[in-house]
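Novice: Here's a sequence, model it:
(one chain, ligands or ions: 1)
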Amino acid sequence: MTKHDHTDHESGIIDSDCLEAFDHVYAYINGELHDEETRARIEHHLSHCKSCYSRAEMERKINERLKMAEKPSPPEQMKKRLKDLIDGL
Ligand SMILES: [Zn+2]
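Specialist: Next comes the predicted model:
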């Protein structure tokens, strides 16, 4: 198994560790990454890879925004009234 000790970001070659982090970062942020081993690897990778770390941070921020923007579901009352209205026709 060949493995590069250091990642040369300017070469444009994506490290296989980066690809793995890329695949799992979303689940990791959402707390859906339940595999201890994978999670530990992602955490370790994020701690020393700046590009993946900033990507994770970005995902986290987008996530927060989405949660804040989530609108409450339409009130049941309204739906019922609408249904009654239609039924009454
Ligand atoms: Zn990386």
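
Novice: mind checking the SS state of the residue minimising distance to the centre of the chain?
Specialist: Closest to where the C-alpha atoms of the chain average out (Cα atoms, centre = their mean) is Tyr26, at 2.5 Å. Secondary structure assignment for Tyr26 (DSSP: H, G, I helix; E, B strand; the rest coil): helix.

Novice: what residues are up against it?
Specialist: Glu59 (Cβ atoms under 8 Å, 6 or more residues apart in numbering). Yep, even glycine has a C-beta here, placed from its N, CA and C like the rest.

Novice: Quote the end-to-end distance of stretch 64-76.
Specialist: With Cα to Cα, to the nearest Å as the measure, stretch 64-76 spans 27 Å from end to end.

Novice: who's in contact with it?
Specialist: Residues contacting stretch 64-76 (Cβ under 8 Å, 6+ apart): none.

Novice: Would you mark the buried spots in it?
Specialist: Within stretch 64-76, no residue counts as buried by 16 or more other Cβ atoms under 10 Å.

Novice: Centre of the chain to the helix ranked longest in the chain, how far?
Specialist: The longest helix of the chain (DSSP state H) is helix 50-69. Here helix 50-69 is found 7 Å from its chain centre; the criterion is Cα atoms, centre = their mean, to the nearest Å.

Novice: Near the ion, which residues of this structure are found?
Specialist: 18, 49, 52 (Cβ under 5 Å from the ion).

Novice: and if we set it to 6 Å?
Specialist: Residues of the chain that fall close to the ion, judged by Cβ under 6 Å from the ion: 15, 17-18, 21, 45, 49, 51-52.

Novice: Filter those down to the buried ones.
Specialist: Buried subset of these (neighbour count, 16+ other Cβ under 10 Å): 15, 17-18, 21, 45, 49, 52.

Novice: Quick check: end-to-end length of stretch 42-60?
Specialist: End-to-end distance for stretch 42-60: 15 Å, by Cα to Cα.

Novice: Please apply the same query to stretch 28-40.
Specialist: 10 Å.

Novice: rewinding a little: reformat the residues of the chain next to the ion as CSV; add pLDDT.
Specialist: CSV is the format used below for these (pLDDT from 0 to 100):
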residue, pLDDT
Asp15, 84
Asp17, 89
Cys18, 93
Ala21, 92
His45, 95
Cys49, 95
Ser51, 93
Cys52, 94
